[in-house]
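Engineer: Task: produce atomic coordinates for the following.
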Amino acid sequence: MTADAFWLQLESAEAGHAVALSEALAAIAWNDAGLIPVIAQRHDSGEVLMLAWMNRSALEETLHSGQVCYWSRSRQRLWRKGETSGHRQRLLSAHLDCDGDALLLKVEQLGPACHTGRPSCFYNDLDSKQLRVAVSRPT
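Structural biologist: As a prediction, the model looks like this:
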């Protein structure tokens, strides 16, 4: 079955329908670099914490360990969130979008999510006239 046929089949599936993880991973629309964009969201408040990337290894590790692991495009290696800072993300649930090209993780965030020390990476507000820093960096 093609990846397109896989996602089309799921569009009409009833709640509770399941497929093997290996089949789902094979159907994911990985980009040319073998990555998928991932949104990390705080499970209790719904706050969007960050956008990152995963390859298949990072996703499999995350699903099996329960600790979020990303692919670092700058370092070209797996990046286990919090491995140096201690600000880990514990996976509570993972969700693929309808055509398998984006992933949403609901996480328990331990410490700040952003490398700047802010709770979320989305601290810059935009409007029609300016960008405004909405959250100060902790001192």
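Engineer: Which parts of this protein are helices?
Structural biologist: 3-11, 21-27, 56-65 (DSSP state H).
Engineer: quick one: the strands in the protein?
Structural biologist: In order along the chain, the chain carries the following strands (DSSP state E): 36-42, 48-54, 69-72, 77-80, 89-96, 103-109, 124-126, 131-133.
Engineer: Does anything pack onto the second one? Which helices or strands?
Structural biologist: Okay, so that is strand 48-54. In terms of contacts (3 or more Cβ pairs under 8 Å, 6 or more residues apart in numbering; DSSP states H and E), strand 48-54 is packed against strand 36-42, strand 69-72, strand 103-109. C-betas here are computed from N, CA, C, even on glycine.
Engineer: Recalculate using a threshold of 7 Å.
Structural biologist: strand 36-42, strand 69-72 (3 or more Cβ pairs under 7 Å, 6 or more residues apart in numbering; DSSP states H and E).
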